[in-house]
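Student: quick one: sequence and predicted model below, then my questions.
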Amino acid sequence: MADTISAPDRVSRRDPRLDVFRGLALVMIFINHIPGTVFENYTSRNFGFSDAAEGFVLMSGIAAGIAYGPGMARAPILPTVLRIGHRIWTLYLVHIMVTIAVIGVVAAGARWFDVVGLLSQNNFAPIFNDPLGVMIGIPLMGHQLGYVNILPMYAVLLAGAPAMLWAAHRWPYLLLAASVAFWALTGQFRLNLPNYPNPGGWFFNPLAWQLIFVIGLVTGLFLRAGRRLVPVWRWLQLLAAAYLILALVWTKSPDFAAAMNHRMWQLSEAGAPFYISAFDKTFLTLPRLLHILAITYLISSLPVVRRAAGSALAAPLALLGRQALPVFALGTILSLTCQVIKGANAPSGWLDVGVIGGGICLQLALAWARERVRQR
């Protein structure tokens, strides 16, 4: 999201699109984390191959490039490295706190409201089957509960940010090429970080997702310098729009989806690698990656998007985006709370409105309170 802006503008103002779209991603993540509501049919994952998680990680990379990039461009770099280390520690503490909180929420739902189904979902079952293993796995981030598994991936990516930023300042395109190569090797050999005590690897595999984070980092550095990573080309805008339309039709037309899925299977049978022909989220396979990049390129190249992001109507989303970490943490806890509430009551459209609307209002209230504290 980096079109050309003047040097004074770079210094004096934040790009409103970053905050607004990060806030929008947080809202969609919150909605998607409460299965079964009428609102989840209208989030981005229903209109293409990617969802809000890819957008959130890409924008986190952009924000990290803007925030930490200048400090890694000149000596001494130690203060910036320490800032990044402090942020990683904060992410870790928030992850542990949220994990403990949602365990308490699900346990309370089972004990007091007879909502026992959640105890066997979202990786909660090992808490009862192997409690000692889980007590080891949670602090090591090897045991991650469903809906509480994106912060560990982000912490690992941020741990690599100093080296990535150092390289990005000197050889940005070489860094991107190396990141693509490592993403391909990860998909080819199914590389991942290990779970514990469960077998398998992380749902959000940082070895694959590093690619979208690196793209964000380099984009953030270019944005801060008043440049675009990829220039605005009319033909590329049309190509991005065409891919988004293809993904929309693929998602919404069962007959077209069946035909295209068969073509993808044939491609796989012909020897195409898994990370090219599948739609796997863990390994950030090519259709998902291209989809989020097409969305980002298209909206970043349209001036009307920037004007809309700076309007008063977008201010609530920008507020959420500026306080992304606490809002995400609260939203995660609220999403499991809302799952308990829905499990304890008969399905109702009004109930969906209440849990979604109430949850978003609470997140807005938290973001507003933190803004006021920061201003004082």
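Tutor: Cool, got the structure.
Student: remind me which helix or strand Ile276 belongs to.
Tutor: Assessed by DSSP states H and E, Ile276 sits inside helix 274-277.
Student: now swap in Ala67 and tell me
Tutor: Using DSSP H and E, Ala67 sits in helix 52-68.
Student: show me how far that helix is from its chain's centre.
Tutor: 8 Å (Cα atoms, centre = their mean, to the nearest Å).
Student: what packs against that helix?
Tutor: When contacts are defined as 3 or more Cβ pairs under 8 Å, 6 or more residues apart in numbering; DSSP states H and E, helix 52-68 sits against helix 16-32, helix 78-113, helix 150-159, helix 161-170, helix 206-224, helix 286-300. (Glycine included, C-beta is placed from N, CA and C.)
Student: do you know which of these lies nearest Glu269?
Tutor: helix 286-300 (16.9 Å; Cβ to Cβ).
Student: by contact count, what packs against the closest one?
Tutor: With contacts defined as 3+ Cβ pairs under 8 Å, 6+ apart, helix 286-300 has these neighbours: helix 16-32, helix 52-68, helix 206-224, helix 234-252, helix 274-277.
Student: adding distance to Leu151 and mean neighbour count, write those helices out as TSV.
Tutor: Output for those, formatted as TSV (distance: least, Cβ to Cβ, whole Å; neighbours: other Cβ atoms under 10 Å):
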stretch	distance to Leu151	mean neighbour count
helix 16-32	12	24
helix 52-68	11	24
helix 206-224	11	25
helix 234-252	28	14
helix 274-277	24	18
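Student: any chance of those in JSON lines with distance to Leu91 as columns?
Tutor: Below are these laid out as JSON lines (distance: least, Cβ to Cβ, whole Å):
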{"stretch": "helix 16-32", "distance to Leu91": "15"}
{"stretch": "helix 52-68", "distance to Leu91": "10"}
{"stretch": "helix 206-224", "distance to Leu91": "12"}
{"stretch": "helix 234-252", "distance to Leu91": "31"}
{"stretch": "helix 274-277", "distance to Leu91": "27"}
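Student: give me the mean pLDDT for the helix holding Ile276.
Tutor: Mean pLDDT, helix 274-277: 95.
Student: got the CA coordinates for that helix in CSV?
Tutor: What follows is helix 274-277 as a C-alpha-only set of coordinates in CSV (Å, rounded to 0.1, in the frame of the first residue of the first chain):
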residue,chain,number,x,y,z
PHE,A,274,1.7,-29.1,-3.7
TYR,A,275,2.4,-25.4,-2.9
ILE,A,276,1.3,-24.5,-6.5
SER,A,277,-1.8,-26.5,-7.0
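Student: I'd like to know which elements it is packed against.
Tutor: helix 172-189, helix 254-269, helix 286-300.
Student: hmm, back to that, and of the helices and strands packed on helix 286-300, who's closest to Ala346?
Tutor: helix 16-32 (20.4 Å).
Student: average pLDDT for that closest one?
Tutor: Helix 16-32 comes out at a mean pLDDT of 96.
Student: other SSEs contacting it?
Tutor: With contacts taken as 3+ Cβ pairs under 8 Å, 6+ apart, helix 16-32 sits against helix 52-68, helix 286-300, helix 303-309, helix 315-322, helix 324-343, helix 349-375.
Student: now that helix, how far from the centre of its chain.
Tutor: Distance, centroid of helix 16-32 to centroid of chain: 9 Å (Cα atoms, centre = their mean).
Student: ok, stretch 27-39 next?
Tutor: On Cα atoms, centre = their mean, the centre of stretch 27-39 falls 15 Å from that of its chain.
Student: span of that stretch from start to end?
Tutor: Chord length of stretch 27-39, first to last residue, is 11 Å (Cα to Cα, to the nearest Å).
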